[in-house]
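>>> Dropping a prediction and its sequence here:
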Amino acid sequence: MIQVSGLRKSYGGTVALDGVDLNVRQGEVYGVVGQSGAGKSTLLRCVNLLERPSAGTVTVAGQDLTALRGKDLNRARQRIGMIHQHFALLSSRTVAGNVSFPLEVMGVPRAERRRRVGELLDLVGLGGRGGDHPHQLSGGQKQRVGIARALAGNPSVLLSDEATSALDPGTTQSILALLRRLNAELGLTILLITHEMDVVKSICDSVAIMSGGRVEESGPIGDLIRTPGSRLTREIFPLPDPAPAGSVTLTFTGDPRQPLVSEAVRKFDVDVSILGGSIEDLAGGSVGRLRVAFSGEQVPAALTYLRERGLLVETS
Ligand SMILES: Nc1ncnc2c1ncn2[C@@H]1O[C@H](COP(=O)(O)OP(=O)(O)OP(=O)(O)O)[C@@H](O)[C@H]1O
């Protein structure tokens, strides 16, 4: 749905994007994570051409946005909604007036606007609040208004610029749940940038990790978790790095109650000490990471047994 290819952006001598490729599939929630200055916001602004990239192409729903200008670009942009960290609401307008704004710009007639605004406010759980002003709302409610406004033009893609960074943890979860529901019910493709790994864990299907204007690794979370040395895995499951010599790090997906390690211990007569680990619920299911030290004559056979049962086994 979104293809970014060879994207570069420089501001004077500062290289913000240094050749970024991204492939966001239709209907997925795709997270871009990275530390401050990694280039995330620049990437998002280039995806809807708020900033024109120095080089590279951005294709959304089959249309090369970098080839468009003027009215054609504006029309294409209407199919891309955007939500912001600080909501960007007009304080002088009511909630309904904020949601109505893009419809006015599009020239939608008044009666149709009224119907659509009512529908959008119901969709985000703010039915009946259309007459309020932004200052009467909580942060989470303001973001719901931002989401309703972003959906006004029936976009196929929603871009989210740190949409939950200004919210407390409970409100963050409710906004993420709303985004997940909209993704499922409307088939909306969501590209979000965040510096919070919890956001990735909660709703992302795929992720790109950025650093210094480049993508370090990217792809579906399940694939990255199964890739040896994955930085995503290390960030989601922090364990002391580097791993102590002689230790083994096991990463497993699927039912965490399967007693694979104890089976290996019994079968191969090895001992095991647990050095650390945790289990996380990711969008695709449970994933666990365990660091252990095995001892005994048949350790190599035990490790082969675990590999054959689908565990990622990394030795140090
Ligand atoms: N308009 C601009 N003018 C000059 N330099 C810029 C501009 N926008 C971004 N940069 C620079 O580009 C680099 C990437 O910035 P960007 O804001 O995209 O990173 P980020 O990952 O979104 O960081 P943050 O989470 O802090 O917003 C930084 O070095 C930044 O200073």
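Yes, it's here. All values reported here derive from a predicted model rather than from experimental measurement.

>>> For stretch 198-210, list every residue counted as buried.
Buried residues in stretch 198-210, counted by 16 or more other Cβ atoms under 10 Å: 199-210. Bear in mind the C-beta positions are built from the backbone N, C-alpha and C, glycine included.

>>> Quick one: mark the members of those residues that sit in strands.
206-210 (DSSP state E).

>>> Could you save these as CSV and add columns showing distance to the ligand and pLDDT?
As requested, those are arranged in CSV below (distance: Cβ to the nearest ligand atom, whole Å; pLDDT from 0 to 100):
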residue, distance to the ligand, pLDDT
206, 18, 94
207, 14, 95
208, 12, 96
209, 11, 95
210, 7, 95
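
>>> just to revisit the earlier point, nearest to residue 281 among the buried residues of stretch 198-210?
Distance ranking of the buried residues of stretch 198-210 against residue 281, using Cβ to Cβ, places residue 201 first at 7.4 Å.

>>> The closest one reaches residue 233, doesn't it?
No: if you go by Cβ atoms under 8 Å, residue 201 and residue 233 don't touch, sitting 11.9 Å apart.

>>> Can you show me the helices along this structure?
With helices called from DSSP state H, the chain shows them at 40-47, 70-77, 95-106, 110-123, 139-150, 169-186, 197-203, 221-225, 231-236, 260-268, 299-308.

>>> Which among these is found nearest to residue 22?
Closest to residue 22 of the helices of the chain, according to Cβ to Cβ: helix 40-47, at 7.7 Å.

>>> relative to strand 206-211, how tilted is that closest one?
Counting by axes from the mean of the first three to the mean of the last three Cα atoms, to 10 degrees, helix 40-47 lies at 120 degrees to strand 206-211.

>>> Helix 40-47: how far from the chain's middle?
Distance of helix 40-47 from its chain centroid, counting by Cα atoms, centre = their mean, to the nearest Å, is 14 Å.

>>> From residue 224, how far off is the residue in the stretch 101-250 of the chain that the ligand sits nearest to?
With Cβ to the nearest ligand atom as the measure, residue 195 is the residue of the stretch 101-250 of the chain nearest to the ligand, at 5.7 Å. As for residue 195, its distance to residue 224 is 18 Å (criterion: Cβ to Cβ, to the nearest Å).

>>> Which one of the two is surrounded by more residues?
Between residue 195 and residue 224, counted using other Cβ atoms under 10 Å, residue 224 has the larger neighbour count: 19 against 14.

>>> so what pLDDT did that one get?
According to the prediction, residue 224 has pLDDT 89.

>>> correct me, but it touches residue 208?
No: with contacts counted by Cβ under 8 Å, residue 224 stays clear of residue 208, the gap being 9.9 Å.

>>> Which neighbours do those two have in common?
217-218 (Cβ atoms under 8 Å, 6 or more residues apart in numbering).

>>> In space, what's closest to residue 34 - neighbours in sequence excluded?
Nearest residue to residue 34, sequence neighbours excluded (Cβ to Cβ, 6 or more residues apart in numbering): residue 210, at 3.5 Å.

>>> does that neighbour really touch residue 38, like I thought?
Yes: under the criterion of Cβ under 8 Å, residue 210 makes contact with residue 38 at 4.2 Å.

>>> Get me the contact residues on the stretch 51-200 of the chain for the ligand.
residue 195 (Cβ under 6 Å from any ligand atom).

>>> Give me the below-cutoff pLDDT ranges for the stretch 51-200 of the chain.
Within the stretch 51-200 of the chain, no stretch has pLDDT under 70.

>>> What of the stretch 201-316 of the chain?
Short version for the stretch 201-316 of the chain, where the test is pLDDT under 70: 256, 283-284.

>>> give me that answer again for 90
Low-confidence segments of the stretch 201-316 of the chain, defined by pLDDT under 90: 201-202, 222-246, 252-262, 278-289, 309-310, 316.
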